[in-house]
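Visitor: Below: sequence and its predicted model.
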Protein chains: 2
Amino acid sequence: MTMFRGGLWGTLILAMVLGCARQLTVEQHGGVPVLTIERQADEPTGPEPAADAVPPSGEGMWPWTQIEKLDGEALKQRGLKLALGDIWTPGKGGLARAVAGLSGCSASFVSADGLLLTNHHCAYRAIQRNSTPDNNLLEKGFLARSKEDELDGHGLKTFVFAEHRDVTDAVLGQLPEGLTDLARTEYIEAREKEIVKKCEEQPNTRCRVSRNNDGLSFTLLSFLELRDVRLVAAPPSALGNFGGEIDNWHWPRHTMDFALLRAYVDPQGRAAPYAEENVPFKPQRFFRIAKSGVAEGDLVMVMGTPGHTQRYRTSVAVEDVSDWYYPKRVAVFTEWAKILEQTCAELPDSCLLTSSTLRGISNGLTNAQGMIVGLKRAGVLERKRTEEERWRQWVAADGERQAKFGGALDDLMEIVKQHRAGRDRDFLIRYIISSWSPRMLGFARTITKWASEQQKPDEKREPGFQERDRENLRSRLDHAQRSLHLVADRRALALFLRLMGELPENERLQGLDKALNKDWRDKSIDRFLKRLYKKSQLGQREERLAAFDADLNTLKASKDSLIKLAFALFDELDQFDDRQKQKQGALSRLRPRYIESLVAMKGNRFYPDANGSPRISFATVAGYRPRDGVRHTPFTTLDGLVDKFTGKAPFDAPPEVIEAIEKRDLGAYRDPVLNDVPVCFLSNADTTGGNSGSPAVDGQGRLVGLNFDRVYENIAGDFGYNPPLSRNIMVDARVILWYLDRVARADHLLRELGL
Amino acid sequence: MTMFRGGLWGTLILAMVLGCARQLTVEQHGGVPVLTIERQADEPTGPEPAADAVPPSGEGMWPWTQIEKLDGEALKQRGLKLALGDIWTPGKGGLARAVAGLSGCSASFVSADGLLLTNHHCAYRAIQRNSTPDNNLLEKGFLARSKEDELDGHGLKTFVFAEHRDVTDAVLGQLPEGLTDLARTEYIEAREKEIVKKCEEQPNTRCRVSRNNDGLSFTLLSFLELRDVRLVAAPPSALGNFGGEIDNWHWPRHTMDFALLRAYVDPQGRAAPYAEENVPFKPQRFFRIAKSGVAEGDLVMVMGTPGHTQRYRTSVAVEDVSDWYYPKRVAVFTEWAKILEQTCAELPDSCLLTSSTLRGISNGLTNAQGMIVGLKRAGVLERKRTEEERWRQWVAADGERQAKFGGALDDLMEIVKQHRAGRDRDFLIRYIISSWSPRMLGFARTITKWASEQQKPDEKREPGFQERDRENLRSRLDHAQRSLHLVADRRALALFLRLMGELPENERLQGLDKALNKDWRDKSIDRFLKRLYKKSQLGQREERLAAFDADLNTLKASKDSLIKLAFALFDELDQFDDRQKQKQGALSRLRPRYIESLVAMKGNRFYPDANGSPRISFATVAGYRPRDGVRHTPFTTLDGLVDKFTGKAPFDAPPEVIEAIEKRDLGAYRDPVLNDVPVCFLSNADTTGGNSGSPAVDGQGRLVGLNFDRVYENIAGDFGYNPPLSRNIMVDARVILWYLDRVARADHLLRELGL
């Protein structure tokens, strides 16, 4: 699956969606993108029947603002019936208004009454939080028979895109000379905060400044943030996660990874937290679902908020991820998953609470393994080096270029190399104060940092700790209860402390070194953490929220062991934040120059790296050759689901589903060519984590599928689109309708969907 | 791989090829075969591009005698340029004379000087027997630069098919009434021995009577048995077994599973054992190799000696294999493989000696697992039961049918059920006295049984122990030395004794029960076997052959512990043989009647089950859909080999091979569509174990490939041909030529091949 969770980038994405980080802007350059991974022209991919011909490339995660400028004629020939301006016209909007962001995922409106379609795995926490051991909605699935039955999403939010505006000049126009990198980041953050503050003076509006390629340009994006999102329908996990970790990131896939939500607003139509009297939100636009589906070769457009790609990284940065970051992640996540599994075996009450975290870990693990294999197999490093050699020759050939770009690459590489020092430490700190998991120390850090920032005027506070962030932070501390198991949390934290104990003494957090009396043996860590967890109230919802609401002096007087530890670590954690800012500052100083040079050298059209802002990819329904002698064909069917069915997780399904398939109760959703209901399909859309739940729309603008994953051969696609292998996986809209109709008998929803 | 080794059927096949068992004959009935496994018409296989259309069925392992009677017009339309009579005309022969049998495999002549092409795994023992730790030809590969350099095959034999004749009347014409089943088998065996004896009066000739469907009819087959077969060329195992057990039985495949041998005769042109002065055999016919290759959709004919299929078994027999035989095999083989692997880790001198056995075990294990999955997935049992219900209705509908066939099915089922008693014991006895592995007690059994049978007139002796078998038996005892490791052998035997110790007391071999003083604990068995192996000389070649040459009285006086044990078990082992004969007698009494009824009911053309006699399958080069959303395309390439290459077994290859591929040094063997040299390809030929090394021949009769395996989805095909999934795997002739030309630089062989 393509949901984005954990780790460096996971944290960033989460932060972005929560409105406290920075996004990109829209670039106009001509031609095809740089540094992609493609087979050489003299390396044909072998004999392919007509259907195997490599389809028109789906490369490009285009910002909506750029849609107008694309080659409409070429897209028309590929099957686009809409005018490009109908999809999006700056200052006016378009069909894309039906797309929404959703806590790390994408979603789309599918009815005039605010019905939202997204992935089951994107709605997972909301389903989990409505589940109890006696009424496990993950297991049973859920269907609200009327609006009254719809369930509180417990913190689930959706973001409806409003407008965008280039603010590069407002950010960089007055940038003083000679700033340190840290000061540079802080300067930019201050400008961004001003812009956001002004933007949020509009009612109901959340804003953020989106950075392109670490600061080549800046775009202000504004959103309507809807905070009352309810659960309407979800199949049982057996279907929503059919194939589980075995099939995750792989084709062929038979997963009905969908759920229906509904956005609510207060009776005056304003965004508001959950309240019984709230009413359905009326979106400006929504997608009609096409019962007729798609076929191989058809155009599909995938719209959503992809999280992060690294298409323009240097070879040194690629070395970092392939030799250090992903291998480290594999090692740590493997141990971590084992800890949660053992805890679940030993303490069954932890299983439901940690299930979502465990899924995230497994997913991250598979992703990291796929990256290592994929980067190697595609020879990304070698290609980067070749490209860079070509770049050096190009710069050297011309005096003006030398003046403008000389050293840009070396400077960038130098920064990356400098930041290798202490990277093992910073990798661990990220998890030790995680807001994802383990989270107890993370609670304490949030609470103490919040109280500390409260001392400053709002505009001087750290991004993410301004008044505008209060409700978000509080809501996260509130809803965390539904996936918190103290023993599991403590054991996970013990893992990260053990790993920190393996670092050279001067790289450890000194506050912890002191708390442990420099004794980092496993037993001592366990003893220390047991005491720590016992003497803290932060595991209890009410106490946690009270601490968040308390002022700095009250907290400083607190006897809570975790609050005390967070204060003891306070400065070191601030230094950690500063190190990140320093690197960002350096990158914002250096990368734009390098990217500019690449664009000048290639003279080609350019799309910016994904950064959580709204994008569109124009793609073709297509299979691919994962390896010599094998072709993955673009559709799977209900019949194939039954072939995989074993009756045991992860290949289980409710008896009524198997029965309906075996009875050939296919309703009106049978594909005439397949002679079955399609379950999943492939296209060559350019997607990444964050695109989960993205609608796939046909040439007429009708919803035909729901993106939820990429294929294993495409994991490393984050570092370069690869035409023969870059494929994303979608749930076919027809199987969603089939499930609602023939299995769930949700006639009221089908009517609402206009069917 | 499709080599047939070990277990019940492996023993049979080995016996057949060695000329001591019974084969089938040729049947003329109209129409398509019975009881095949096909998807129902209402279960389409989903959307297929044109290239995916299910090709004309390759079903049928046709006896050569039946070739003339096939539908030549239909085959012409499929691409056959030869007249059917050119392939084989009874009494005259044809192109098929270029096909040969080879110890459990098939082979074919490819030059006027007796050059034989077969699989690397079929020549494996000959390569192994020419290897030493210092000069390991398995590792290095081998190429004889001239005929003088060609290496003794150490017991490798080839069988050149001469003639066939229906002898049903001679066998059954005078069958007395009222024989017991044991007497019935013995009567039939006596007639067969007479016929074989008469046949072998011709010079240079080996004969056997081939039984069809347990005795519906009988055919006398005669062969020229060539006993001096030398090793000419073989790639390193890294290529010949590229992919190893991971890829075994699977597509996509990149294995160059071929070797070249040469058959020799004495200077007078007569079959003779290895002797320096021998000269190359001149075959009547040989295949030209087509450099132009084949393409998807082309006709290919696969010719060879398939070992054993079970297409006409009853549902009760299918229950036996799916619920008992294959699961038992999986359990036992898993432990057995572990024992040999541990022994190799502990005693490195055992590794080379046991490598061939271990390969056979792993192969048998994968086969058994594939059978269990495949039988279940294809619903073979349910289909058999439905067919049988239809049969019962058909019989019940007509008085004449009732009179002729009534009870035929129930009687057959009853016999199968009766033989369930004691089947666990007989399963173990087969291995305890195996001539394959473990073999020390098997040596003793062969030696004592041989001496005992010597007391009788030749025509009264057991099949396999007649004068005609002396040289075979002696040669096996001789050459066994090259793959015998006493500790590994003893540990394997200990496994089978431990399993026997788990049987109820009355099912154990009483002679062993006595030798062990009824103490079957693991430690006691180990102690017993250590003493047994220590006090026997049969592990030494000379002593073993001397024992074979000794007479009964001398042996009875022997102090050799294993000889003494074999005598102690003598009667019990004879009883074991009698039980098999009894079952055979019952089947020969009952099965023909049931098969006749099926043929009458279906009114269709009929091909007999494979039984080691020469067959041909008319097939089409074609991919298939192993599962929903995946298509296996019919060719792999050198480029795909490099993709799999890791530098570590089983995905290793010599550097010069990788280099030649990366340099695109493809010689004249590049396929224009693939733009690469094809390595392996798929067709829908009907094959089974024993077909390893079978030539694949194009419509003009030119050799285009070399069969060596089936796909995993087709393992259960032994129980029924399955058009969408029945695919065999061949080495493409072009990669063989490429290897000989661009890697081995074997110009002299290419010249001999006429290239």
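Guide: Everything's here; your move.

Visitor: Okay, now the unreliable bits of the stretch 51-200 of chain A?
Guide: A:51-53 (pLDDT under 70).

Visitor: the helices in the stretch 501-650 of chain A, which residues?
Guide: Assigned by DSSP state H, counting those that start in this stretch, the helices in the stretch 501-650 of chain A fall at A:510-515, A:522-534, A:541-549, A:552-556, A:561-568, A:570-602, A:638-644.

Visitor: looking at the ones you listed, which has the lowest confidence?
Guide: When these are compared on average pLDDT, helix A:570-602 comes out lowest at a mean of 92.

Visitor: Can you check which of the helices of the stretch 501-650 of chain A gets nearest to chain B?
Guide: Set against chain B and scored by CB to the nearest CB, the helices of the stretch 501-650 of chain A come closest in helix A:638-644, at 2.4 Å. To be clear about C-beta, it is placed using only N, CA and C from the backbone, and glycine gets the same treatment.

Visitor: Could you list every helix and strand that whichever helix or strand comes after the closest one packs against?
Guide: Later in the chain than helix A:638-644, the nearest helix or strand by DSSP states H and E is helix A:655-662. Helices and strands touching helix A:655-662, by 3 or more CB pairs under 8 Å, 6 or more residues apart in numbering or on different chains; DSSP states H and E, are helix A:638-644.

Visitor: Please see if the helix it packs on touches chain B.
Guide: Yes: counting by CB under 8 Å from any CB of the partner chain, chain B has neighbours in helix A:638-644: A:Asp639, A:Gly640, A:Leu641, A:Asp643.

Visitor: Now which of those would you call buried?
Guide: Neighbour counting with 16 or more other CB atoms under 10 Å in any protein chain shown marks A:Asp639, A:Gly640, A:Leu641 as buried within the residues of helix A:638-644 next to chain B.

Visitor: which residues does the closest residue to the first one other than its chain neighbours form a beta bridge with?
Guide: The shortest distance from A:Asp639 to any residue that is not its chain neighbour, by CB to CB, 6 or more residues apart in numbering or on different chains, is 5.2 Å, and that residue is A:Asp676. Applying DSSP bridges to A:Asp676 gives these bridge partners: A:Asp671.

Visitor: quick one: A:Asp676 and A:Arg670, what's the gap?
Guide: Going from A:Asp676 to A:Arg670 by CB to CB, to the nearest Å gives 6 Å.

Visitor: So for these two, which residue has more residues nearby?
Guide: The neighbour comparison of A:Asp676 against A:Arg670 (other CB atoms under 10 Å in any protein chain shown) goes to A:Asp676, with 26 against 18.

Visitor: Just confirm A:Glu388 contacts A:Thr314, I think it does.
Guide: Yes: here A:Glu388 reaches A:Thr314: they are 6.9 Å apart, a contact under CB atoms under 8 Å.

Visitor: re earlier: what separates the residue nearest to A:Asp639 from B:Asp228, distance-wise?
Guide: Relative to B:Asp228, A:Asp676 is positioned 59 Å away (CB to CB).

Visitor: same question, A:Arg521
Guide: Distance from A:Arg521 to B:Asp228, counting by CB to CB: 72 Å.

Visitor: Which one of these two is surrounded by more residues?
Guide: Per other CB under 10 Å, whichever of A:Arg521 and B:Asp228 has more neighbours is B:Asp228, with 24 against 11.

Visitor: quick one: secondary structure of the nearest residue to the more buried one once chain neighbours are set aside?
Guide: Once flanking residues are discounted, B:Asp228 sits nearest to B:Tyr264: 3.9 Å by CB to CB, 6+ apart. Secondary structure, DSSP: H, G, I helix; E, B strand; the rest coil: B:Tyr264 is strand.

Visitor: Wait, B:Tyr264 touches B:Leu231, no?
Guide: No: using CB under 8 Å, B:Tyr264 makes no contact with B:Leu231, being 11.7 Å away.

Visitor: Of the buried ones among the residues of helix A:638-644 next to chain B, which is the nearest to B:Ala290?
Guide: B:Ala290 has its nearest neighbour among those in A:Gly640, at 38.2 Å by CB to CB.
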